[in-house]
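Trainee: Fold the following for me, if possible:
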Amino acid sequence: MMDNSFDANAVVTGAASYSDLHSEKRAVVDEVIAAANTMLEQMRSAAFSNRSPHLAVLPIFDQLRALEATVRARPETAIVLEDTARDAIRSLLGSFGRDTTCIDRVDNVLDVCDEAVPSTVSQRPGVEFSVACESYVSELTGRRTMSEKDIARYSRMLAFFRQIAGDRTIASYAQADARRYLTVLRQLPARFSMEEVRIGEDGSLLGPKAADAATRLSIGTIASYVAPVKAVFARECADRKIVNPFDGLKLGKPKKNRPSRSRPLPIDILNRAIAEGERDGSLAALLLPIVGFLTARRIGLLTFLNREWLERVGEHVIVRPTESVVLPGGTARTPIKTDESMVPFALHCELVRLGVVDLIAERGFLFAEAMSASDPAAALSKRMNILLKRAGAKGRAHGQTFHSIRARGIVHYRAHVPQAVRLQAGHAAADEHEGYDWAELEPELVPAVATVPVPNELDLSPLYKADFGRAVALEKRLAKARAARGS
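Mentor: Purely as a prediction, here's the structure:
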């Protein structure tokens, strides 16, 4: 019989071989190899319960590969992603009863060669903002983790700042320039063309101007205009050890919402909901529980998931919602609760494996049949809460509704990618210090979010044996019956 076990030389690649590692790191590699071989042995002997070991391990390996690729492309992100990598390895070792404490004896798991750090134009003194922008955009393009559409959008926003504040050397900008830029953005209407914007000699906005507060750019949109500009200044000012004109400026606080009454749904109820979805057989019953958990988004937004919202970021997919969608009967407004709901989020690789992206690409809208209801989101919410009650959820009085699945997802993402959980869930910044960053999921964070390991105790086997063709057919019959009832 062929021996498919792992060995050290097969696992350790890159600049260093297994023999070059110091003893503490070798111990970690040994534990990882032992865990992988335990997985193979369990698969060969079928010595596992209801979930194949590879389903527990694949997401972790995916995440580790994504983290390695990210850090090799951008060595400066190693310090940010170090804890995520350590947690992924702990999860891998813990899945097979290996020693999770061995990693505590290693100072860093994400090694980066010094020569991998890219040289930039920022090393030259007196660089102008436009030149710094070219360097930044060139670096974004070279990473290949950001779509061409997003890079073009960043380029337009950087050009818009130059249109407002002028193109000068980085050191010549002051906080007054940053404040003036924010003032202009706050006066612009929600719908405007950059080419039509006119600025007076004193830097004030001449036109177009919003008629009132209700027609102005939202805080989320303003933050998205500021994000790339702030990124350029942050790296250039840090390199030159000069004051960043955007430091300390407050963008404004998003409107506050009533605290959520939902509690994180217990995993055992989520498992039963997934099993109930298989028994129900309809597409919404099958997919909405896991989509709700792995996106951590509200059901209103998920109801309208469509192919126009999908974007590729390297090997991964993000969802970029729009304020309105085009339906067969006309245009409908996307049901969002706050401006932050429009923040793009990563689509977990487990959803990609299940075929959700293929279904969206094929069908246009993932839940296309729901669009025929008078209130699609309310219709799906009602169905999902009935499903959850069959799975043992206690209902609204106990904080166990479909929204509780989102709460469970938020708790899970917070444990693995705390630096990105607010972005993924579409939540407001915690305070003014996060006032810009929550507006856009940085491309280098997408792999870490998209490959977060699913909980070991979550049973996805019913989804992997489901027939989505039959599920779509049943969904169509349900829509036809609803139309016959006139509801």
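Trainee: So A361 sits against E308, correct?
Mentor: No. Look at A361 against E308 with Cβ atoms under 8 Å: they stay out of range, at 10.6 Å. For the C-beta atoms, the positions are set from N, CA and C on the backbone; glycine is no exception.
Trainee: ok, which stretches of the stretch 301-450 of the chain are strands?
Mentor: 310-313, 316-319, 324-327, 330-333, 345-347 (DSSP state E, counting those that start in this stretch).
Trainee: Run through who's touching the last one.
Mentor: This means strand 345-347. Contact with strand 345-347 is made by 294-297, 310, 313, 316-319, 356-357, 423-426, 441, 445-446, 449-450, as judged by Cβ atoms under 8 Å, 6 or more residues apart in numbering.
Trainee: follow-up on the earlier one: how about the strands of the stretch 301-450 of the chain in JSON lines, adding mean pLDDT?
Mentor: As requested, these are arranged in JSON lines below (pLDDT from 0 to 100):
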{"stretch": "strand 310-313", "mean pLDDT": "90"}
{"stretch": "strand 316-319", "mean pLDDT": "92"}
{"stretch": "strand 324-327", "mean pLDDT": "84"}
{"stretch": "strand 330-333", "mean pLDDT": "80"}
{"stretch": "strand 345-347", "mean pLDDT": "93"}
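Trainee: out of those strands, nearest to L302?
Mentor: Closest to L302 of the strands of the stretch 301-450 of the chain is strand 316-319 (Cβ to Cβ; 9.4 Å).
Trainee: just checking, what packs against the closest one?
Mentor: If contacts are counted by 3 or more Cβ pairs under 8 Å, 6 or more residues apart in numbering; DSSP states H and E, strand 316-319 sits against strand 310-313, strand 345-347, helix 446-450.
Trainee: would TSV of these with mean neighbour count be doable?
Mentor: Shown next, in TSV, are the helices and strands packed on strand 316-319 (neighbours: other Cβ atoms under 10 Å):
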stretch	mean neighbour count
strand 310-313	18
strand 345-347	25
helix 446-450	26
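Trainee: Show me the one of those that comes nearest A397.
Mentor: Of those, nearest to A397 by Cβ to Cβ is strand 345-347, at 29.9 Å.
Trainee: How far off centre is the closest one?
Mentor: Relative to its chain's centre, strand 345-347 lies at 4 Å (Cα atoms, centre = their mean, to the nearest Å).
Trainee: now swap in stretch 476-487 and tell me
Mentor: 35 Å.
Trainee: List the contacts of that stretch.
Mentor: By Cβ under 8 Å, 6+ apart, stretch 476-487 touches 282, 369-370, 372-374, 379.
Trainee: let's see it at 6 Å
Mentor: 369, 372 (Cβ atoms under 6 Å, 6 or more residues apart in numbering).
Trainee: Next: stretch 272-279.
Mentor: In contact with stretch 272-279 (Cβ under 6 Å, 6+ apart) are residues 285-286, 289, 387-388, 390-392, 462, 466.
Trainee: Could I get the buried residue list for stretch 461-481?
Mentor: Neighbour-count burial for stretch 461-481, counted by 16 or more other Cβ atoms under 10 Å, picks out 462-463, 466, 468, 471-472, 474-475, 478-479.
Trainee: Could you do stretch 236-250 as well?
Mentor: 236-237, 239-240, 244-246, 249.
Trainee: cool, and stretch 68-78?
Mentor: Quick answer for stretch 68-78 (16+ other Cβ under 10 Å): 68-75, 77-78.
Trainee: from the chain's centre, how far out does that stretch sit?
Mentor: 18 Å.
Trainee: Was I right to think T331 contacts T322?
Mentor: No. Under the criterion of Cβ atoms under 6 Å, T331 lies out of contact with T322, with a separation of 10.5 Å.
Trainee: ok, the two, which is more surrounded?
Mentor: Set T331 next to T322 and count neighbours by other Cβ atoms under 10 Å: T322 wins out with 13 against 8.
Trainee: got a pLDDT number for the more buried one?
Mentor: Reported pLDDT at T322 in the predicted model: 85.
Trainee: how close does it sit to V446?
Mentor: 19 Å (Cβ to Cβ, to the nearest Å).
Trainee: now the strands of the stretch 301-450 of the chain in a markdown table, with distance to P59?
Mentor: Below are those laid out as a markdown table (distance: least, Cβ to Cβ, whole Å):
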| stretch | distance to P59 |
| --- | --- |
| strand 310-313 | 18 |
| strand 316-319 | 13 |
| strand 324-327 | 30 |
| strand 330-333 | 35 |
| strand 345-347 | 13 |
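Trainee: Between the ones you listed, which one is closest to T221.
Mentor: strand 324-327 (14.4 Å).
Trainee: what comes up buried for that closest one?
Mentor: 325, 327.
Trainee: what does stretch 186-195 give?
Mentor: Buried residues in stretch 186-195 (16+ other Cβ under 10 Å): 186, 188.
Trainee: Give the rounded mean pLDDT of it.
Mentor: Stretch 186-195 comes out at a mean pLDDT of 88.
Trainee: which outside residues touch that stretch?
Mentor: By Cβ under 6 Å, 6+ apart, the list of residues contacting stretch 186-195 from outside reads 160, 205, 208-210, 215, 217.
Trainee: Could I get the pLDDT score of D339?
Mentor: 66.
Trainee: what's the farthest-apart pair in the contacts of stretch 272-279?
Mentor: Applying Cβ to Cβ across the contacts of stretch 272-279, the maximum distance is between G392 and A466, 20.8 Å.
Trainee: which one in the contacts of stretch 186-195 is the model shakiest on?
Mentor: T215 (82).
Trainee: Kindly list the main-chain dihedrals of the closest residue to that one other than its chain neighbours?
Mentor: Nearest residue to T215 in three dimensions, chain neighbours excluded: P189, at 5.3 Å (Cβ to Cβ, 6 or more residues apart in numbering). P189 adopts backbone torsions of phi -70, psi 160, taken as degrees, to the nearest 10.
Trainee: Check G207 too.
Mentor: Dihedral angles (degrees, to the nearest 10) for G207: phi 170, psi 160.
Trainee: who touches it in this structure?
Mentor: R198.
Trainee: Distance of it relative to K465?
Mentor: On the measure of Cβ to Cβ, G207 and K465 end up 60 Å apart.
Trainee: so where's the stretch 201-350 of the chain shaky on pLDDT?
Mentor: 248, 250-262, 338-339 (pLDDT under 70).
Trainee: could you pull out the helices for it?
Mentor: Ranges of helices within the stretch 201-350 of the chain are 219-240, 267-280, 283-295, 299-303, 349-354, based on DSSP state H, counting those that start in this stretch.
Trainee: Tell me which of the buried residues of stretch 68-78 fall in helices.
Mentor: Mapping the buried residues of stretch 68-78 onto helices (DSSP state H) picks out 68-73, 78.
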